[in-house]
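need coordinates for the below:
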Amino acid sequence: MPELQSIAIDDRETTPVTHTFTPRSKDNGIGVCGESSGVPLGENTLSISMRRAGTKYKGRLRMAMPVVVTQTIDSVDSPLVTRTAYADLQVTFDQSSSTQERDNLIGLLADALGSSKTLVNGCLVDLEGVY
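Take a look at the predicted model:
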């Protein structure tokens, strides 16, 4: 069982930026990590969980990336979340699945999210429909 720990992941900027998510909380088997900006409001978050449901194991990885702007009211600046991007990945494995089967599925998913995969990238990044 992995301990809730920091995770560093790269974005797709021209010069990739490493985002470090550090542990925030653990409750009911859900671990939450956040990318600190100094202000908790608008913090990027990543949550991970795995639970057993009958003969299945259900894993979930969620991310939220809010966009924060500074609003000024009566000469007082304060942060304001204007929108948030969400990702929600859920996997289900049978209790008889092998480590290799699970590793292959996760590897295929990771590769499918590569920027060179035009079907997935066109839909999820460029907001295009499938035709």
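
surely S78 is in a helix?
No - the assignment for S78 by DSSP: H, G, I helix; E, B strand; the rest coil gives strand, which leaves it out of any helix.

how about it, what does it touch?
T70, Q71, T72 (CB atoms under 8 Å, 6 or more residues apart in numbering). All C-beta atoms are positioned from the backbone trio N, CA, C, and that covers glycine.

go on, C33?
If you count contacts by CB under 8 Å, 6+ apart, then C33 has L4, S6, I7, F21, T22, P23, R24, T45, L46, S47, I48 around it.

from those residues, list the buried ones, please.
F21, R24, T45, L46, S47, I48 (16 or more other CB atoms under 10 Å).

wait, doesn't the fourth one sit right on S6?
No - look at L46 against S6 with CB atoms under 8 Å: they stay out of range, at 10.4 Å.

now the common contact residues for those two.
F21, C33.

which parts of the chain are helices?
According to DSSP state H, the chain carries its helices in the segments 99-112, 118-124.

mind listing the strands for the chain?
In the chain, the segments counted as strands under DSSP state E are 7-10, 18-27, 30-35, 44-53, 56-73, 76-94.

single out the most deeply packed of these.
Burial of the strands of the chain is given as mean neighbour count (mean count of other CB atoms under 10 Å); strand 30-35 ranks first at a mean of 18.

only alpha carbons, please: show that strand as PDB.
Extracted in PDB, the C-alpha atoms of strand 30-35 (Å, rounded to 0.1, in the frame of the first residue of the first chain):
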ATOM      1  CA  ILE A  30      -8.800   9.000  -0.600                       C
ATOM      2  CA  GLY A  31      -5.400  10.700  -0.600                       C
ATOM      3  CA  VAL A  32      -5.300  14.400  -1.600                       C
ATOM      4  CA  CYS A  33      -2.200  16.300  -2.700                       C
ATOM      5  CA  GLY A  34      -2.000  20.000  -3.500                       C
ATOM      6  CA  GLU A  35       0.300  22.200  -5.500                       C
END
